[in-house]
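Q: Quick one, fold the following:
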Amino acid sequence: MYHLFRLSVAFVDAMEQGQLPQKWLGETAPPEIQSGIEIEAYGEQVRERLAQWFTRAPEDAFGRSVQTYYGEQSAHLLLERTTWHAGQHLRQVYDLLETQRSLPVGPLPLELFEGLPMPAELW
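A: Next up, the predicted model:
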């Protein structure tokens with residue numbers, strides 16, 4: 001779950017720093033984020049950071065490019081990639097929960113991913 005949230009905030013980090021190094025996506029949860037409650041708190045921090053960035057982003061933010069480990073990308077394409085990548089992992093989490101018969105409160109609204117180049121395969 002840490003990776004899923006890290007993917008999301010990596011977009012903001014990349015926009016602020018002008019780069020997206022591959023090592024960010026391989027980071028593991030720090031010692032202070034190990035329990036479900038701590039992951040939940042981290043997720044809330046990520047949501048808040050994203051909301052703040054989108055609120056204060058300059059008008060030309062999506063006209064910029066960011067250097068990523070897979071080449072230069074427009075901000076729009078980087079947002080798309082970090083979104084579908086996190087979405088793919090979310091689909092996998094839901095699948096794992098179903099396998100364990102520990103269903104979330106409600107179904108994953110797959111319409112959230114419409115228009116994104118999500119992998120057809122879950123795994």
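Q: drop to CA atoms for contacts and neighbour counts, all remaining ones
A: Noted.
Q: Secondary structure element holding the residue nearest to residue 8 when sequence neighbours are not counted?
A: Closest residue to residue 8 apart from its sequence neighbours, by Cα to Cα, 6 or more residues apart in numbering: residue 82 at 6.0 Å. Residue 82 belongs to helix 75-99 when assigned by DSSP states H and E.
Q: Outside of that helix itself, list whatever touches it.
A: If you take Cα atoms under 8 Å, 6 or more residues apart in numbering as the criterion, helix 75-99 is touched by 4-5, 7-8, 10-11, 15, 61-66, 103-104, 108, 113, 116-119, 122-123.
Q: hmm, which of these are the buried ones?
A: Neighbour counting over the contacts of helix 75-99 (16 or more other Cα atoms under 10 Å) leaves 4, 5, 7, 8, 10, 11, 15, 65, 66, 118 as the buried ones.
Q: The fifth one contacts residue 18, doesn't it?
A: No - distance between residue 10 and residue 18: 11.1 Å, which falls outside the contact criterion (Cα atoms under 8 Å).
Q: Which residue ranges of the chain form helices?
A: For the chain, applying DSSP state H gives helices covering 2-17, 22-25, 36-56, 75-99.
Q: CSV for those, including mean pLDDT?
A: Shown next, in CSV, are the helices of the chain (pLDDT from 0 to 100):
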stretch, mean pLDDT
helix 2-17, 96
helix 22-25, 94
helix 36-56, 96
helix 75-99, 93
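Q: Need the winner for burial among these.
A: helix 2-17 (a mean of 19; mean count of other Cα atoms under 10 Å).
Q: Work out the gap between it and the centre of the chain.
A: Taking Cα atoms, centre = their mean, to the nearest Å, one finds the center of helix 2-17 at 6 Å from the center of the full chain.
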